[in-house]
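S.K.: fold the stuff below for me.
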Amino acid sequence: DYRFNCQKKQTMSSSSFLVSSAAAFRAVAKSRHSAKRFEVNRTIPCSVLSDIMETTLSSPSGFNLQPTHVVLVSDSELKTQLSEHAMLGPGNSFRAKDCSMLAVFICDVQLHKRIPRILQLERESGMRDVNYLASFPVVTSFLLSGGGASNGVVSRAIKRVATDMISPIKPAPTIESVDAWSYKNASFLAATWVLSATSHGLATCIMEGFDARRVSQTLLIPLDRYRIPLMVATGYEYIEENKEGCDSLKQSKKTPRLPIHDVFFSNTFGEPWINPLLSTNNENIDYDPASIPSDISDAVGIRQDLSLVLPSAK
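M.R.: Here you go, the predicted structure:
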């Protein structure tokens, strides 16, 4: 009985923790929005910035090549240069200049140069199978070579013809451009950065409207090897009080989103998703439980509760 009760308590505690963790993440994700304005002359504490960076490093990447780097621009003169000479549109210009930190995400398109170091790290970690390590250089070179090279287009075309011929016989990889692959991996890192910053009560805005050539000149980024897919303005959102004295931020509405059944399909493309727990007579029902915390203050409260359950959840 004692052993059974202990197991039951552990199961209940684990279930409670998972529910709280899901609620905390949901609160952070739902509170994220694109900030229109930032408070000027605000500095992000080093402890907060360090935690955001450490969390961002946990992002996944294909083959664990980790092709993304981030230039953190906090210097006011550099932000002004980017704002005035590289950003497109007044909104992006103001955000780039006023935010506390402008995170410029850059991705490597000469991936073959990363393989030796990553392979060394994999060997030192001792986590990979011997066969995986042996095939790693060959597989990655075949799938990801050609980035930034003059013969990249020809190389990809040959590989596509070869894989298209193999595909009817057995599964074959889909060949995509190195730029597309690296952009995709950079987006993983950027998403983690944004959510991590949001969990600390910071505001963000992902921006694609800029002249990458001018950005590279200002930040000394070699475009022969790296691309600049996006930036994330990060800082403290400027909250303007309206005539009634209320925060305009809290009264602002979320940008519209497509309903669940327009985004998620069931088993095959175009087949609407039907949640069996929430549907009757095979009718799809949108679900938005009122109990879901949507304000960042709720997330902070949940995070404090989690810290009592698990010391590392801070």
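
S.K.: beta partners for residue 207?
M.R.: Using DSSP bridges, the bridge partners assigned to residue 207 are residue 231.

S.K.: my guess is it contacts residue 233, does it?
M.R.: Yes: with contact defined as C-beta atoms under 8 Å, residue 207 counts as touching residue 233 (6.3 Å). Using the backbone N, CA and C atoms, a C-beta is placed for each residue, glycine as well.

S.K.: hmm, residue 122 is touching residue 134, no?
M.R.: No: the criterion here is C-beta under 8 Å, and residue 122 misses it with residue 134 at 11.3 Å.

S.K.: could you report the distance from the residue nearest the centre of the chain to residue 75?
M.R.: The residue lying closest to the centre of the chain (C-alpha atoms, centre = their mean) is residue 191, at 1.5 Å. Applying C-beta to C-beta, to the nearest Å, the value for residue 191 to residue 75 is 26 Å.

S.K.: hmm, back to that, pick out whichever of residue 122 and residue 134 has more residues nearby.
M.R.: residue 122 (16 against 11; other C-beta atoms under 10 Å).

S.K.: now the more buried one. Nearest residue, chain neighbours left out?
M.R.: residue 128 (5.0 Å; C-beta to C-beta, 6 or more residues apart in numbering).

S.K.: may I ask which helix or strand encompasses that neighbour?
M.R.: Under DSSP states H and E, no helix or strand contains residue 128.

S.K.: just the pLDDT for it.
M.R.: At residue 128, the model reports a pLDDT of 94.

S.K.: now for it, how many residues are close by?
M.R.: Count around residue 128 with other C-beta under 10 Å applied: 15.

S.K.: how about the one 3 residues further on?
M.R.: Here the count is done by other C-beta under 10 Å, and residue 131 has 8 residues near it.

S.K.: and it, how far from residue 139?
M.R.: Counting by C-beta to C-beta, the gap from residue 131 to residue 139 is 11 Å.

S.K.: again, but for residue 157
M.R.: 20 Å.

S.K.: for residue 50, the count of nearby residues, please.
M.R.: Residue 50, neighbours per other C-beta under 10 Å, totals 11.

S.K.: secondary structure element holding it?
M.R.: Assigned by DSSP H and E, residue 50 falls in helix 46-56.

S.K.: give the other helices and strands that the helix or strand just after that helix contacts.
M.R.: Later in the chain than helix 46-56, the nearest helix or strand by DSSP H and E is strand 68-73. Packing contacts for strand 68-73, counted by 3 or more C-beta pairs under 8 Å, 6 or more residues apart in numbering; DSSP states H and E, involve strand 101-108, helix 178-199.

S.K.: now these in JSON lines, with mean pLDDT and distance to residue 55?
M.R.: Below are the helices and strands packed on strand 68-73 laid out as JSON lines (pLDDT from 0 to 100; distance: least, C-beta to C-beta, whole Å):
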{"stretch": "strand 101-108", "mean pLDDT": "98", "distance to residue 55": "13"}
{"stretch": "helix 178-199", "mean pLDDT": "96", "distance to residue 55": "4"}
